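Colleague: whatever this is, show me its structure:
(one chain, ligands or ions: 3)
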Amino acid sequence: MAARLPLAACIVAFHLCLLLSPSSSLRTVVRHGVGIRPAYHFLPAKNWQNGRTGPMYHNGVYHLFYQYNPLGATSGTGNLSWGHSISRDLMNWAALDTALDPTAPFDHNGCWSGSATILPGGVPALLYTGRIDDGRVQVQNIAFPKNPTDPLLRDWVKPAYNPVIPLPADVPGEYFRDPTTAWVGRDGLWRIAIAAKVGGPNGFASTLIYRSNDFRHWKRNDLPLYTSRTANMVECPDLFPVAEPGMEEGRLGYASGTASSAMRHVLKLSVTNTTQDYYVVGRYDDVADTFMPEVDDARSIDDWPTWRRFDYGHVYASKSFFDTRKNRRVLWAWANESDSHNDDIA
Ligand SMILES: *[C@@H]1O[C@H](CO)[C@@H](O)[C@H](O)[C@H]1NC(C)=O
Ligand SMILES: *[C@@H]1O[C@H](CO)[C@@H](O)[C@H](O)[C@H]1NC(C)=O
Ligand SMILES: *[C@@H]1O[C@H](CO)[C@@H](O)[C@H](O)[C@H]1NC(C)=O
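Modeller: Ligands and ions are numbered 1, 2, ... in the order given. Below is the predicted model of the structure:
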């Protein structure tokens with residue numbers, strides 16, 4: 001995207017980057033013996049998928065991970081795996097075996113959404129939410145490639161020291177999830193954001209920040225990045241800079257050589273109240289790690305009901321990544337079908 005585009009044009013450009021769009025506009029194709037499937041939008045060969053998780057471009061390959069139920073056409077009990085497909089062009093995909101399965105004590109009711117971060121030295125790390133205790137508790141885990149020189153990164157290992165972030169005392173068990181891709185602040189520390197309801201069952205939908213110097217030990221900031229006082233819970237938070245003249249667009253964090261505080265940022269939240277994604281442009285304070293929405297003409301934009309949407313169809317749980325091949329930020333979203341549960345299992 002050009003660096004000098006006005007905001008309105010940037011918003012259209014974000015739209016162009018939306019790789020999945022509502023099912024009503026899906027181009028479909030009938031393949032012999034396969035039935036009707038989207039020709040362009042990503043769909044696994046069979047079974048349930050929901051949110052994208054951990055998209056990345058690494059060593060010439062795009063990796064798409066997604067929430068996947070290997071056992072059925074619905075989300076079942078939520079005991080989900082990370083499906084894994086790869087592509088060289090974001091259009092033609094090859095399916096690999098699942099990358100993460102819920103087989104460890106720290107994830108045995110589901111490997112839920114998360115992110116990929118490429119660490120210095122080029123090894124990617126996956127952060128993801130583990131669901132435990134019959135699904136009543138969520139924790140954050142880490143996984144690494146078993147063989148970092150495998151160009152397809154087929155096998156992933158989960159260190160026994162998981163979880164790396166346990167459930168905080170002021171967060172109800174089922175409201176702590178979706179760690180973002182990490183970025184580095186001016187102080188050299190890693191940061192991630194995690195969605196959480198803070199302050200008990202009637203608490204506020206917060207986006208917490210954790211910092212680390214080794215990617216293993218994480219400490220929560222006193223202040224959240226942002227708190228929504230009118231959401232039941234938010235999911236899949238996403239923070240990224242947008243273009244200003246002379247600035248490299250799309251890369252988050254001080255490591256990219258740009259002073260984050262000087263740039264406008266987008267905060268995207270997936271809000272459970274409506275199962276829709278909302279975003280707002282604002283200022284990210286890269287010392288305090290707080291986000292303040294900007295005043296937008298006369299509009300009050302202090303909370304998500306007044307924020308903008310990327311799409312007005314069934315688009316939810318989006319997740320972005322910085323595409324270093326084309327120097328752009330790409331946003332992926334899950335577009336769900338509008339048919340019934342009975343149709344899904346028919
Ligand atoms: C969840 O699925 C995994 C296989 O992917 C299985 O090993 C595990 O026992 C399941 N968990 C529960 C609680 O059934
Ligand atoms: C979102 O859901 C919560 C819990 O049901 C409710 O208290 C809140 O008013 C809702 N917010 C909006 C803007 O509807
Ligand atoms: C999925 O589709 C149904 C039916 O169209 C809709 O009510 C629901 O909100 C959608 N869920 C998400 C997460 O988009």
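Colleague: every contact and neighbour count from this point should use C-alpha atoms.
Modeller: Noted.
Colleague: what residues does the stretch 101-250 of the chain have near ligand 1?
Modeller: By CA under 6 Å from any ligand atom, the residues of the stretch 101-250 of the chain that approach ligand 1 are 101, 102, 103, 108, 109.
Colleague: by neighbours, which of these wins?
Modeller: With neighbours defined as other CA atoms under 10 Å, the most crowded of those is residue 109; it has 25 neighbours.
Colleague: give me the pLDDT for the nearest residue to residue 333 once chain neighbours are set aside.
Modeller: Excluding the flanking residues, the one nearest residue 333 by CA to CA, 6 or more residues apart in numbering is residue 318, at 3.9 Å. The model reports residue 318 with a pLDDT of 96.
Colleague: give me every residue that touches residue 318.
Modeller: Contacts of residue 318 were listed using CA atoms under 8 Å, 6 or more residues apart in numbering, and they are 51, 52, 236, 270, 277, 331, 332, 333, 334.
Colleague: what sits against the second one?
Modeller: The contact partners of residue 52, by CA under 8 Å, 6+ apart, come to 64, 65, 66, 67, 113, 317, 318, 319, 332, 333, 334.
Colleague: top of those by number of neighbours, please.
Modeller: Result: residue 113 is most packed of the contacts of residue 52 (other CA under 10 Å), 30 neighbours.
Colleague: pretty sure it sits against residue 180.
Modeller: No - Residue 113 is beyond contact range of residue 180, at 9.3 Å (criterion: CA atoms under 8 Å).
Colleague: for those two, list the residues in contact with both.
Modeller: Residues touching both residue 113 and residue 180 (CA under 8 Å, 6+ apart): residue 236.
Colleague: residue contacts, residue 152?
Modeller: Residues near residue 152 by CA under 8 Å, 6+ apart: 61, 86.
Colleague: SS state for it?
Modeller: Secondary structure, DSSP: H, G, I helix; E, B strand; the rest coil: residue 152 is coil.
Colleague: likewise residue 326?
Modeller: Once three-state DSSP is applied, residue 326 turns out coil.
Colleague: ok, it - how many residues close by?
Modeller: 9.
Colleague: can you check the pLDDT for it?
Modeller: pLDDT, residue 326: 89.
Colleague: same thing with residue 291?
Modeller: 95.
Colleague: rewinding a little: quickly name whichever of the residues of the stretch 101-250 of the chain next to ligand 1 is closest to ligand 2.
Modeller: Lowest distance from ligand 2 to these (CA to the nearest ligand atom) belongs to residue 109, with 24.9 Å.
Colleague: so that closest one touches residue 129, yeah?
Modeller: No - applying CA under 8 Å, one finds residue 109 not in contact with residue 129, separated by 10.4 Å.
Colleague: tell me which helix or strand of the protein sits lowest on mean pLDDT?
Modeller: Every helix and strand in the chain was compared by mean pLDDT, DSSP states H and E; the lowest is helix 7-17, with a mean of 32.
Colleague: contacts only, for the nearest residue to residue 289 once chain neighbours are set aside.
Modeller: Computed as CA to CA, 6+ apart, the closest residue to residue 289 that is not its neighbour in sequence is residue 225, at 5.7 Å. Applying CA under 8 Å, 6+ apart, we find residue 225 in contact with 193, 206, 207, 208, 209, 289, 290, 291.
Colleague: check residue 230 too.
Modeller: 204, 205, 303, 304.
Colleague: which of the helices or strands spans the second one?
Modeller: With elements taken from DSSP states H and E, the one containing residue 205 is strand 204-212.
Colleague: got a list of contacts for the following helix or strand past that strand?
Modeller: The first helix or strand that comes after strand 204-212 along the chain, using DSSP H and E, is strand 219-220. If you take CA under 8 Å, 6+ apart as the criterion, strand 219-220 is touched by 208, 209, 210, 211, 212.
Colleague: check which helix or strand the closest residue to the second one other than its chain neighbours maps to.
Modeller: In other words, residue 209. Closest residue in space to residue 209, ignoring its immediate chain neighbours: residue 193 at 4.5 Å, by CA to CA, 6+ apart. Secondary structure assignment for residue 193, by DSSP H and E: strand 190-198.
Colleague: residues from this structure in reach of ligand 2?
Modeller: Applying CA under 6 Å from any ligand atom, we find that the chain lies next to ligand 2 at 230, 231, 232, 273.
Colleague: filter the residues you listed down to the buried ones.
Modeller: In terms of neighbour count (16 or more other CA atoms under 10 Å), the buried residues within these are 231, 232.
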